[in-house]
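Colleague: Dropping a prediction and its sequence here:
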Amino acid sequence: MEIIRFCPSTHLEPGAICAQTVYTPTGRTIAAGEALCAADIEELRFLPGIFIRLTLDEATRAKAIPLALRAYSGHDVCSPLGQALLQLRTQAEAERILRGQPPLAPATPRAATLAPPSLPPALDLASFEPPELPVIAQQLLAALGTDPIDPATIARIVGQSPSLAGRLLKLVNAPAFGMPRRVDRIDRAVILVGPRELALLASGILLIEHFGVVSRSMVDMRSFFAHSIAVAAAARHLAHHAQAQAAEIAFAAGLLHDMGRLLCLSAFPERAKVCLEWCRSHGQTVRDVEAAFFGHEHGVLGGHILAAWGLPEPIVQAVAGHHAPQGFLAAVLHLADCLAHAAALGANGDPVPPRTHTQALELAHLSPETLMEAANAARSSTDAFLAALT
């Protein structure tokens, strides 16, 4: 089986097969199907990365299938959603086998009936006050509250931070946005992407970075951010397929969907560490025990924080309900999150994939075929996004 992956230039190795025709900075052409040599890789290091072909043989897939089944023990793998997730996890496990990496599957089976330790709640939402926002994020959220939103105002606010503006331009030029030509000015990006969408994207980046100081022993923040980007890219693709006008707000919601988890990791590090260690040793999802450790699960916490910060209500509701979806945007977010976990695109600290809700496909007005398309879009965009944001 042949699959195509985006590979950052820093990860390219001799022998990798190009899946696209590449023009190097010196003007040379590397045709699709050619194997890269060391000289090619030296030239390509000036690019964010390229698409390459990987071949998964049947023997490797046969070794990967039991690992995928172990990861999805207790899930309905016979449903269309379950079948798609199992296929994605099988591919992810097979690729790790080819690279000589350890399996993703947990070493211990899921123990659904095992109760977590009883602890006093860490958070009382009635009295909890979220941390103060960075100044630029405050200005952007204030601008989002105006109707209509002035594109020049958004460009001016973002322009106060050359670093943020530069990262946004790289992000807008990444594959998932599909711009017909390179965008090199922030005012142009505001017009092409849309003032609301760009302001939400900039705010999401600032909010995640604001909470980004977390011990690597709990969660690798680069992997955490990769997971957020993957969910955002998949959500954007799914929403665009069903309701095109919701695509950019779905992207912003995907970027912020684990804000509650990030709050727990940064505000209660010791308790969070115990929670993660307990879940890893018992093969349970973190969400299943978050109420015992923090008083609430991370979706509810995230929705509460985003509401207090004044983010748009559709984003608040989608984030709050993305693990128990009841509406279109929450269902899109749930599906995108499941796809990112299945394909191992980044990691948010959960040792096992989240429990799936098969009704999410119906709520999102999507067919099973769109799931694989969204997963491929997320996979090909995640590394490019990360390269843009570092």
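Modeller: Looks like it arrived, so ask away.

Colleague: going forward, measure contacts between C-alpha atoms and count neighbours the same way
Modeller: Noted.

Colleague: Given the one helix or strand in the chain whose mean pLDDT sits lowest, what are its sheet partners and their directions?
Modeller: The least trusted helix or strand in the chain, going by mean pLDDT, DSSP states H and E, turns out to be strand 2-8, with a mean of 72. Applying DSSP bridges, strand 2-8 is found paired with strand 49-55 (antiparallel).

Colleague: centre of the chain versus the strand it pairs with, how much separation?
Modeller: Remark: strand 49-55 is offset 21 Å from the chain centroid, using Cα atoms, centre = their mean, to the nearest Å.

Colleague: After that strand, which helix or strand is next?
Modeller: The first helix or strand that comes after strand 49-55 along the chain, using DSSP states H and E, is helix 58-71.

Colleague: Look at residue 293 and say how many residues are nearby.
Modeller: Neighbour count for residue 293, taken as other Cα atoms under 10 Å: 23.

Colleague: I'd say it and residue 276 touch.
Modeller: No: in terms of Cα atoms under 8 Å, residue 293 does not count as a neighbour of residue 276; the distance is 10.1 Å.

Colleague: so where's this protein uncertain?
Modeller: 1, 48, 105-118, 121, 175-176, 212, 383-390 (pLDDT under 70).

Colleague: ok, which stretches of it are strands?
Modeller: Taking DSSP state E as the test, the strands found in the chain are 2-8, 17-18, 22-23, 29-30, 49-55.

Colleague: Same list, those, but as a markdown table with mean neighbour count please.
Modeller: Converted to a markdown table, these look like this (neighbours: other Cα atoms under 10 Å):
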| stretch | mean neighbour count |
| --- | --- |
| strand 2-8 | 16 |
| strand 17-18 | 22 |
| strand 22-23 | 15 |
| strand 29-30 | 14 |
| strand 49-55 | 18 |
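
Colleague: To residue 368, which of the ones you listed lies closest?
Modeller: With respect to residue 368, and counting by Cα to Cα, the nearest of the strands of the chain is strand 2-8 at 19.0 Å.

Colleague: Export only the CA atoms of the closest one, formatted as PDB.
Modeller: C-alpha atoms of strand 2-8 as PDB (Å, rounded to 0.1, in the frame of the first residue of the first chain):
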ATOM      1  CA  GLU A   2       1.400   3.400  -1.000                       C
ATOM      2  CA  ILE A   3       0.600   6.600   1.000                       C
ATOM      3  CA  ILE A   4       1.700  10.200   0.700                       C
ATOM      4  CA  ARG A   5       3.000  12.200   3.600                       C
ATOM      5  CA  PHE A   6       4.300  15.700   4.000                       C
ATOM      6  CA  CYS A   7       7.800  15.600   5.400                       C
ATOM      7  CA  PRO A   8       9.500  18.600   6.900                       C
END
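
Colleague: Distance-wise, check residue 337 relative to residue 319.
Modeller: 11 Å (Cα to Cα, to the nearest Å).

Colleague: neighbour count winner among the two?
Modeller: residue 319 (31 against 27).

Colleague: Quick check: chain neighbours aside, which residue is closest to that one?
Modeller: Using Cα to Cα, 6 or more residues apart in numbering and skipping residues adjacent in sequence, the residue nearest residue 319 is residue 257, 5.0 Å away.

Colleague: and that neighbour, what is it in contact with?
Modeller: Going by Cα atoms under 8 Å, 6 or more residues apart in numbering, residue 257 touches 228, 299, 302, 318-319, 322, 333.

Colleague: Need the phi and psi values for it.
Modeller: phi -60, psi -30 (degrees, to the nearest 10).

Colleague: Could I get the full set of helices for the stretch 251-390 of the chain?
Modeller: 259-267, 269-282, 286-294, 298-308, 313-320, 328-342, 360-363, 368-389 (DSSP state H, counting those that start in this stretch).

Colleague: for the ones you listed, which one ends up most surrounded?
Modeller: helix 328-342 (a mean of 29; mean count of other Cα atoms under 10 Å).

Colleague: I'd like to know which elements that helix is packed against.
Modeller: In terms of contacts (3 or more Cα pairs under 8 Å, 6 or more residues apart in numbering; DSSP states H and E), helix 328-342 is packed against helix 80-99, helix 221-242, helix 247-256, helix 313-320, helix 360-363, helix 368-389.

Colleague: Neighbours of residue 78, how many?
Modeller: Neighbours of residue 78 under the rule other Cα under 10 Å: 10.

Colleague: how about the closest residue to residue 353 other than its chain neighbours, what does it touch?
Modeller: Spatial nearest neighbour of residue 353, chain neighbours left out: residue 341 (5.7 Å); criterion: Cα to Cα, 6+ apart. By Cα under 8 Å, 6+ apart, residue 341 lies in contact with 227, 347, 353-354.

Colleague: Which one of those sits in the busiest neighbourhood?
Modeller: residue 227 (26 neighbours).

Colleague: Give me the distance between the nearest residue to that residue once chain neighbours are set aside and residue 141.
Modeller: Leaving out its chain neighbours, the residue that sits closest to residue 227 by Cα to Cα, 6+ apart is residue 346, at 4.0 Å. To residue 141, residue 346 is 28 Å away according to Cα to Cα.

Colleague: who has more neighbours, those two?
Modeller: A direct count of neighbours by other Cα under 10 Å for residue 346 and residue 141 places residue 346 higher, at 23 against 20.

Colleague: hang on, isn't that one packed against residue 230?
Modeller: Yes: the criterion here is Cα under 8 Å, and residue 346 meets it with residue 230 at 7.5 Å.

Colleague: okay, and the common contacts of the two?
Modeller: What both residue 346 and residue 230 touch, as defined by Cα under 8 Å, 6+ apart, is the set residue 340.

Colleague: Now distance to residue 41 too, for the contacts of residue 257, in TSV please.
Modeller: Output for the contacts of residue 257, formatted as TSV (distance: Cα to Cα, whole Å):
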residue	distance to residue 41
228	29
299	42
302	42
318	42
319	41
322	41
333	37
